[in-house]
Each structure stands twice: as C-alpha cells, then as structure tokens.
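Asks: Show me the folded form of this:
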Amino acid sequence: MPVDKASHIVAAYDEEFDKLTQLITQMGGLAEAQLQAALRAVEKRDEELAASVKQQDKKIDAIEREIDTLVVRMLALRQPVANDLRFTLSVLRCSSEIERIGDYAKNIAKRAIVLSQMQAVPMTRGVGRMGSLVQRMLKDVMDAFLQGDVQKAIEVWEADEEVDGLYTSLFRELLTYMMEDPRHITPCTHLLFIAKNLERIGDHATNIAEIIHFQVEGEMLADARPKADASNYTVVDPDEEGGA
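Replies: You can find the predicted model right below:
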C-alpha cells in the first residue's frame, strides 16, 4: 500500500507542535511546584524540602535543553511561518523565562536552608503576601499561555506593579527590624534576598505575559511596563521608626 508522503509530513509536524506544548506545560508545572515548595521550606524551616527543591531544578534545565533542540530542528526542517512560527519562537522564549524562575526558586531554597539553622524570626506578613501573589501570577500566566488568553496575560502584566509595591514595603520593614536589633541583621538579610528573588520571578512572569501578547496579537504591548519598585530610594529614619 503506497504511503501518502504529504500526510506523513503533516502528521509529524503536528506531533512536534504537540510535543512542544507538552514540554512547556511540564516545565511550567515544575516551576510552579518548585516555587511553592521553596516558600513552604522557608515558612516551615524544612531543610529536607529545601534540599529537594535544589535537586529538582535539574529537571527544569533538562526540559529547557529538550525544547531548544526541538525548536532548532523544527526551524531547520519545517520552516514554520506566521502563527506557527510565532508559537514556536514563543515556546523557546518562554522556556528561557521559566528556567530563570526555577533558578530563583532554587535560590529561595538555599536561603531556607540557612534560615533553618538560625534562631527563628517572625516571618513577616509581607513575605507571605508577596509569595502568594507571585505564585498566582505564575499559575495564571502559564494558563494564559496554554489557552492563548491575552486578557489573562494582561492581568498578570498589570499585577507586577503590586509585586513591586510589596517588595518596596517589605524592604523598608526588614531594614527597620535590623536597626532595632542587630541580631536580626543576618536572618533579615536572607529574607531580603528571598523577597528580591520573588520580585524577579514576578518580572519573568510579566515577560511571559508580553510573549503571549506577541504570540496571539502579532505585536508587542504598546504601553510601558508598570513598575513600583522604589527600594533603591528607600531611606529609613531610625527616629521615625523607633519613635525616639
């Protein structure tokens, strides 16, 4: 029975697109789980959980390499155009953003291990709020990518301003703790790094939202990205904070 070469090529092409979708879905799911576990390790002072986050990061890196290889193959052999080309390039760009998110989750886990070996300090509400918001942004932006939902992507893009505002507030709060008691300096410094990692994860989720807009609409977002990080200009007055 003769083989329909054209049908065979189309079927293989579709399979490669399906594979790309599966890989980016898996990668995003792993990054979400990594961030959740890292934040829980900080909250629960769980060294074992934090160590597992560090180990799992290798899986995210491996998937990124697999996506890179598949995209290069598709561009060379299939030469996708129009919507297919935008989707292929969007997956490639998103995989890079997700890989960085995984790295920041790993960094949070490293800080969790150090914090667990110190005297416990109160986990500020700001860190919890910031972590929850960034987790929601990451989940929503991955859902938006898989659904091609531009409106949801824009909502994530706009939420980054709230993350920046929380980071600035938390930065000021932790500096105040350090000034009040030198014993707080080391643990609060680690919390500051955790907060900065969360702020950067929010930035990468926002990058993915912009990629989604380009993939679906064929153009970049026209508006300037909303930013509210004023930590570089934050000055804490000891008299003001301490009431002296």
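
Asks: ok, residue 134 touching residue 35?
Replies: Yes: contact criterion CB atoms under 8 Å: residue 134 and residue 35 qualify, at 7.2 Å. Bear in mind the C-beta positions are built from the backbone N, C-alpha and C, glycine included.

Asks: More neighbours: those two, which one.
Replies: In terms of neighbours (other CB atoms under 10 Å), residue 134 is the more surrounded of residue 134 and residue 35; the figures are 29 against 26.

Asks: for the more buried one, helix, strand, or coil?
Replies: Following DSSP: H, G, I helix; E, B strand; the rest coil, residue 134 is assigned to helix.

Asks: which residues in this protein form helices?
Replies: Using DSSP state H, the helices assigned to the chain run over residues 5-44, 47-77, 82-116, 125-147, 150-180, 185-217, 238-242.

Asks: Turn the ones you listed into CSV, columns for mean pLDDT.
Replies: What follows is the helices of the chain, written out as CSV (pLDDT from 0 to 100):
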stretch, mean pLDDT
helix 5-44, 87
helix 47-77, 94
helix 82-116, 95
helix 125-147, 92
helix 150-180, 93
helix 185-217, 95
helix 238-242, 45
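
Asks: what sits against residue 113?
Replies: By CB atoms under 8 Å, 6 or more residues apart in numbering, residue 113 lies in contact with 41, 47, 50-51.

Asks: rerun that using 7 Å as the cut-off
Replies: Applying CB atoms under 7 Å, 6 or more residues apart in numbering, one finds that residue 113 lies in contact with 47, 50-51.

Asks: Next: residue 216.
Replies: 148, 150.

Asks: Would you mind measuring from it to residue 56?
Replies: Here the criterion is CB to CB, to the nearest Å. By it, residue 216 lies 31 Å from residue 56.

Asks: What's the ChimeraX syntax to select whichever of the contacts of residue 113 are buried?
Replies: Buried members of those, identified by 16 or more other CB atoms under 10 Å, are gathered into one ChimeraX selection as follows:
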select :47,50
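
Asks: quick one: contacts for the closest residue to residue 107 other than its chain neighbours?
Replies: Spatial nearest neighbour of residue 107, excluding adjacent residues (CB to CB, 6 or more residues apart in numbering): residue 197 at 5.1 Å. The contact partners of residue 197, by CB under 7 Å, 6+ apart, come to 104, 107-108.

Asks: sorry, back to before: now for residue 134 and residue 35: what residues contact both?
Replies: residue 201.

Asks: if we can go back for a sec, from the contacts of residue 197, which is closest to residue 60?
Replies: Minimum separation from residue 60 among those (CB to CB) is found for residue 104, which lies at 11.3 Å.

Asks: Pretty sure that closest one sits against residue 200.
Replies: Yes: with contact defined as CB atoms under 7 Å, residue 104 and residue 200 form a contacting pair (5.4 Å).

Asks: More neighbours: these two, which one.
Replies: Between residue 104 and residue 200, counting by other CB under 10 Å, residue 104 is the more crowded of the two (24 against 18).

Asks: now that one: how far from residue 76?
Replies: With distances taken as CB to CB, residue 104 is found 32 Å from residue 76.
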